[in-house]
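Asks: Got a predicted model here, sequence first, then my questions.
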Amino acid sequence: MRTRHPAAKDSPDKKDLRAYYNESKLEELSSTKADRGLQLLEAVSRGDDALVQELLTTGADVWAKDSESRSAFIIAMEKGSETIFELLLAAAKEDAPPEKFSDVMQLLLHESASVGSEPWVRVMLANGASANALSKRFHWKSTPLHTAAENGHRAIAQILLDSGASIETKSERSQTALFAEGQASATELLLEHGTQIQLKTMRGVHAMFNAIVFKEYRIVELLLDNGVC
């Protein structure tokens, strides 16, 4: 008569094996998605529309970032790849909840305003980015108008104002766009639109103080010409 030996205590049962298998598959899928994300960044950088579309169709991570923390969206903007950007937008809308997609559009609007790209600013506004929303780019929250003024992009500032940007919205540091250490052209536009020139921050700092500190003497002249004393 054959003796039946009890199973070893450390032998996995079928349930354990299924769990292990499922976990392994999830790790494999996650790794594959990440790898495709890196391939996506490379394809966007090369401007390969067809490969970008193929990678997105097969599950590449549309939110992947490179070693410099640049997303595929930023790279597409830098390359001027409108077709690729539209592909990324479509994939992002399907992949992300509305609030995340909105946050991304807001960040990209700031980036567009920073580099002075009129076409990209219009694209972000058309895809739901707000001309008035406060977003954190560096150490504090500000509006796209602050960003445009800070970088001296008068044309961008005009687009934002035409899209409903409030000239008196304050940043997290209690500053309007007039306080941005930008160029005279943007300051001139803000003054033309009637920004309040006597405003001070919560620390009592006046726009004239910023202009003097950063040696923006043309802005000093503009403020004096408009009644700052």
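Replies: Arrived safely. Numbers count the residues shown, from 1 in each chain.
Asks: in which helix or strand would I find Glu168?
Replies: Remark: Glu168 resides in no helix or strand, with elements defined by DSSP states H and E.
Asks: what about it, neighbour count?
Replies: Using other C-beta atoms under 10 Å, Glu168 has 13 neighbouring residues. No exception for glycine: its C-beta is placed from N, CA and C like everyone else's.
Asks: Not counting its neighbours along the chain, what's nearest it?
Replies: Leaving aside its sequence neighbours, Glu168 sits nearest to Thr176 (C-beta to C-beta, 6 or more residues apart in numbering; 5.5 Å).
Asks: distance of the one you found from Val123?
Replies: 26 Å (C-beta to C-beta, to the nearest Å).
Asks: Got phi/psi on the residue nearest to Glu168?
Replies: Backbone torsions of Thr176, given as degrees, to the nearest 10, read phi -80, psi 170.
Asks: rewinding a little: Thr176 and Val123: which has the busier surroundings?
Replies: Using other C-beta under 10 Å as the criterion, Thr176 and Val123 rank with Thr176 on top: 24 against 20.
Asks: Read off the pLDDT value for the more buried one.
Replies: We have a pLDDT of 80 for Thr176.
Asks: right, and Leu40 touches Leu56 too?
Replies: Yes. At 7.0 Å, Leu40 counts as touching Leu56 under the criterion of C-beta atoms under 8 Å.
Asks: got a list of what the residue nearest to Gly116 when sequence neighbours are not counted touches?
Replies: In this structure, Gly116 finds its nearest non-sequential neighbour in His153, 4.1 Å apart by C-beta to C-beta, 6+ apart. Taking C-beta atoms under 8 Å, 6 or more residues apart in numbering as the criterion, His153 is in contact with Ala113, Gly116, Ala186.
Asks: from those residues, which single one is nearest Phe101?
Replies: Ala113 (18.8 Å; C-beta to C-beta).
Asks: The closest one and Pro144 touch, don't they?
Replies: Yes. Under the criterion of C-beta under 8 Å, Ala113 makes contact with Pro144 at 4.6 Å.
Asks: what is in contact with those two at once?
Replies: Joint contacts of Ala113 and Pro144 (C-beta under 8 Å, 6+ apart) are Val121, Ile156, Leu160.
Asks: Assign a three-state SS to the last one, would you?
Replies: When the structure is reduced to helix, strand and coil (DSSP: H, G, I helix; E, B strand; the rest coil), Leu160 reads as helix.
Asks: before we move on, what about the second one?
Replies: In the three-state summary, Ile156 is assigned as helix, counting by three-state DSSP.
Asks: Quick check, it in contact with Glu111.
Replies: No. If you go by C-beta under 8 Å, Ile156 and Glu111 don't touch, sitting 11.5 Å apart.
Asks: Who has more neighbours out of those two?
Replies: Between Ile156 and Glu111, Ile156 has the larger neighbour count (other C-beta under 10 Å), namely 27 against 22.
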